[in-house]
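Enquirer: Starting from these lines, generate the structure:
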Amino acid sequence: MRSVSKEEIENARKVGVLDYFRACMPQELVRRGNTDYCTRTHNSVIISENGLFHWHSAGVGGNNAIDYLLKVEKMDFVSAVRRLNELSIAPSLQPVGKPVEKVPPRPFLLPAADKDFETARAYLMHRGISNKVIRYCRNAGIVYQTTRGGYKNCIFVGLDADGTPRGAFARSCQSAWRGDVAGSQKKYAFVIPSETPEADTLEIYEAAIDAMSGATLHQRSLGAAWCTRYYLSMGGLSYAPVQYFLSTHPQIQTIRLCLDRDEPGRAYAKRLQEHLSGRSCAVVDAPPRFGEDYNDDVLYENRKCMEARE
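Expert: Numbering: from 1, shown residues only. This is a model prediction of the structure:
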């Protein structure tokens, strides 16, 4: 992935938090008073007209959109700067009288796929994902390998209701780098589909690796029945993917909240329960049994199995 220039960083730092929400997610803003807003996804995130925000439940805050993307959406710095440069936003700090050149958002295009998948497969197996789950996701067209700048990346694809790719998340197989593919829309999540479209159970995770980890655990405990439910990754802590999925799958009767065991994950699980309380379905809080997230859980189970064989 290319680096960002000083000019791009400076441009991104000029974008206020309210500018970002009004341009990208106006439906998320909820006015709390004359000068303050919270968001539908995070009711403890308070955004002020003066450009400041504070996420009270997590104890973090900032004064621009970069701070928000890094601290709340958990994006890496380069991806945050690129996203803000790709959006058509008039920065709140723009000098009066200076014309703002609006640049249209970059269209979404999936990165070109490699002919082989071996590096990505090895990476996923190192993370504890079973071969059956990897193969299932490959066959569904939602996981593949790409190469950029000599580095191999694992791509997790988000589809719309018609099966068209609308977003993707890239994870380096050789380093800690990760980020959204340019032009991705947040509401189109990485979802491991059910073999039976009428399946009525949805499991919600924070990350794609966690969703595949949960699927791996079920594949071992439930056998073939593991793929008779849906596994959704929010790509962080965002209600937009959940809202879109439920709008296109009205048959869902059971929702399992498989969010991290850390403080933000526990706080957001409660917030999701509030969001979903009006639906006629069962909502179950199901944090991982071991470790902070479901990938920790599956790695723990893998170690136990290896020790039992020894």
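Enquirer: Break the protein down into its domains, please.
Expert: Following automatic domain parsing, the chain resolves into domains at 6-86, 118-309.
Enquirer: among those domains, which gets the worst mean confidence?
Expert: When the domains of the chain are compared on mean pLDDT, domain 6-86 scores lowest, with a mean of 81.
Enquirer: picking up where we left off before, export the domains of the chain as a markdown table, with columns for distance to Ala112 and mean neighbour count.
Expert: Placement of C-beta: from N, CA and C, glycine included. A markdown table is the format used below for the domains of the chain (distance: least, CB to CB, whole Å; neighbours: other CB atoms under 10 Å):
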| stretch | distance to Ala112 | mean neighbour count |
| --- | --- | --- |
| domain 6-86 | 19 | 18 |
| domain 118-309 | 6 | 18 |
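Enquirer: Helices along this protein, start to end?
Expert: 6-13, 17-24, 65-71, 77-86, 118-126, 131-139, 208-222, 240-248, 263-276, 294-309 (DSSP state H).
Enquirer: what would these look like in CSV with distance to Thr41?
Expert: Listed next are the helices of the chain as CSV, based on distance: least, CB to CB, whole Å:
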stretch, distance to Thr41
helix 6-13, 22
helix 17-24, 11
helix 65-71, 12
helix 77-86, 17
helix 118-126, 29
helix 131-139, 26
helix 208-222, 18
helix 240-248, 7
helix 263-276, 7
helix 294-309, 21
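Enquirer: can you tell which of the domains of the chain is closest to Leu110?
Expert: domain 118-309 (5.4 Å; CB to CB).
Enquirer: For the stretch 51-200 of the chain, just list every one of the strands.
Expert: 53-55, 60-62, 143-148, 151-159, 165-172, 178-180, 190-192 (DSSP state E, counting those that start in this stretch).
Enquirer: the inter-axis angle of the longest one versus strand 165-172?
Expert: Read that as strand 151-159. Counting by axes from the mean of the first three to the mean of the last three CA atoms, to 10 degrees, strand 151-159 lies at 150 degrees to strand 165-172.
Enquirer: before we move on, the earlier item: who wins for proximity to Gly51 among the helices of the chain?
Expert: helix 17-24 (6.7 Å).
Enquirer: relative to helix 77-86, how tilted is the closest one?
Expert: With the same axes, to 10 degrees applied, the angle from helix 17-24 to helix 77-86 works out at 60 degrees.
Enquirer: how far is helix 17-24 from where the chain is centred?
Expert: 19 Å (CA atoms, centre = their mean, to the nearest Å).
Enquirer: Could you report the separation of Phe190 from Pro241?
Expert: Distance, Phe190 to Pro241, using CB to CB, to the nearest Å: 9 Å.
Enquirer: what touches both of the two?
Expert: Any residue near both Phe190 and Pro241 by CB atoms under 8 Å, 6 or more residues apart in numbering counts here, and that gives Gly158, Leu232, Ser233, Gly235.
Enquirer: Out of the strands of the stretch 51-200 of the chain, which is closest to Lys132?
Expert: Of those, nearest to Lys132 by CB to CB is strand 190-192, at 11.7 Å.
Enquirer: Would you enumerate the residues in contact with the residue nearest the centre of the chain?
Expert: The centroid of the chain falls nearest to Gly235 when counting by CA atoms, centre = their mean (0.6 Å). The contact partners of Gly235, by CB under 8 Å, 6+ apart, come to Gly158, Phe169, Asp180, Lys186, Ala189, Phe190, Glu206, Ala207, Ala208, Pro241.
Enquirer: Pretty sure the first one sits against Val191.
Expert: Translated: Gly158. Yes: contact criterion CB atoms under 8 Å: Gly158 and Val191 qualify, at 7.3 Å.
Enquirer: Find residues that contact each of the two.
Expert: Ile142.
Enquirer: Check what pLDDT Ser92 gets.
Expert: Ser92 carries a pLDDT value of 46.
Enquirer: try Pro104
Expert: We have a pLDDT of 58 for Pro104.
Enquirer: circling back: distance to Leu70 added to the strands of the stretch 51-200 of the chain, as a markdown table?
Expert: Output for the strands of the stretch 51-200 of the chain, formatted as a markdown table (distance: least, CB to CB, whole Å):
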| stretch | distance to Leu70 |
| --- | --- |
| strand 53-55 | 11 |
| strand 60-62 | 8 |
| strand 143-148 | 22 |
| strand 151-159 | 21 |
| strand 165-172 | 16 |
| strand 178-180 | 12 |
| strand 190-192 | 21 |
